[in-house]
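**Q** Sequence below, structure please.
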Amino acid sequence: MRSGPLVALVGLSGLAAALVWSEWLNRRWSRTLVGDAAGPTQAVVVLGFRNRGPEANVVNRWRVRAGLRSLDPAARTRLVLCGGPTASARPEARILADHAATLGYDGPVVLEEESRTTWENVARALPLVEDADRITFVSQPAHALKARAYVARQRPDLVGRLTRGADHRWGEWLPLKPVLAAYGLWTLRGVRPDLRRR
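**A** Got it, this is the predicted structure:
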């Protein structure tokens, strides 16, 4: 075999391996620190992303869609949208709410408009959802896992109510999955002890 085709084959094999690895890792994150809590009420918490303009950017649009598909149609649900004015004058929560409305969502919405970090997202959202039978955090899988780890630190009594969101689908974000996986490993470094204890 000529060196050119061999190099191409090795490159393609490496790319395929990276894609499979990143899909597996994101799937694993989406299934960590969640259980099978039951009950008639569900709160879905969507974590905002830094948004410079008045309309939702691509990440926040995706997070809203993932949040909406995480709502259980058989439950009494509420959508909790989190995020303060981190990159513009408008709170991320309001930007998320506007996009949810454009997608046709007209159910109960609660806005948390003060937080500026993931830790604050969780701290300010928990009082809004602590009465729900099921609590679902939605973001990119690594970020949602980080939020659940923060729940374990802030309110360990609520960990048993954490359920999996629909924030991982095979093939979604596929070209960026290796980058997202690498960034996820970096961002989760501070909560690894929490994950090992579970």
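**Q** Pull the distance from stretch 177-188 to the chain's centre.
**A** Centre-to-centre, stretch 177-188 and its host chain are 13 Å apart (Cα atoms, centre = their mean, to the nearest Å).
**Q** mind listing what S88 touches?
**A** 51-54 (Cβ atoms under 8 Å, 6 or more residues apart in numbering). Yep, even glycine has a C-beta here, placed from its N, CA and C like the rest.
**Q** Let me fix that, I meant to ask about Q154.
**A** By Cβ under 8 Å, 6+ apart, the contact set of Q154 is 122-123, 126.
**Q** Counting neighbours, which of these comes out on top?
**A** Compared across these, V122 has the highest neighbour count, 25 neighbours, by other Cβ atoms under 10 Å.
**Q** Just the pLDDT for that residue.
**A** Note on V122: pLDDT of 98.
**Q** Please apply the same query to A8.
**A** Taking A8 on its own, its pLDDT is 57.
**Q** got the phi/psi numbers for F137?
**A** phi -90, psi 140 (degrees, to the nearest 10).
**Q** That one bridge partners, please.
**A** The bridge-partner assignment for F137, based on DSSP bridges, gives V45.
**Q** Roughly how far does it sit from L19?
**A** Separation of F137 from L19 (Cβ to Cβ, to the nearest Å) stands at 25 Å.
**Q** Would you work out how far apart the start and end of stretch 47-59 are?
**A** 11 Å (Cα to Cα, to the nearest Å).
**Q** Show me how far that stretch is from its chain's centre.
**A** Relative to its chain's centre, stretch 47-59 lies at 14 Å (Cα atoms, centre = their mean).
**Q** Touching that stretch from outside, list them.
**A** 60, 63-64, 81-83, 86-88, 90, 92-93, 95-96, 98-99, 118, 121, 137-140, 143-144, 147.
**Q** quick one, strands of this protein?
**A** 41-47, 76-82, 109-112, 134-138 (DSSP state E).
**Q** Just give me the neighbour total for G171.
**A** When counting by other Cβ under 10 Å, one arrives at 8 neighbours for G171.
**Q** most centrally placed residue in the chain?
**A** The residue lying closest to the centre of the chain (Cα atoms, centre = their mean) is S139, at 1.5 Å.
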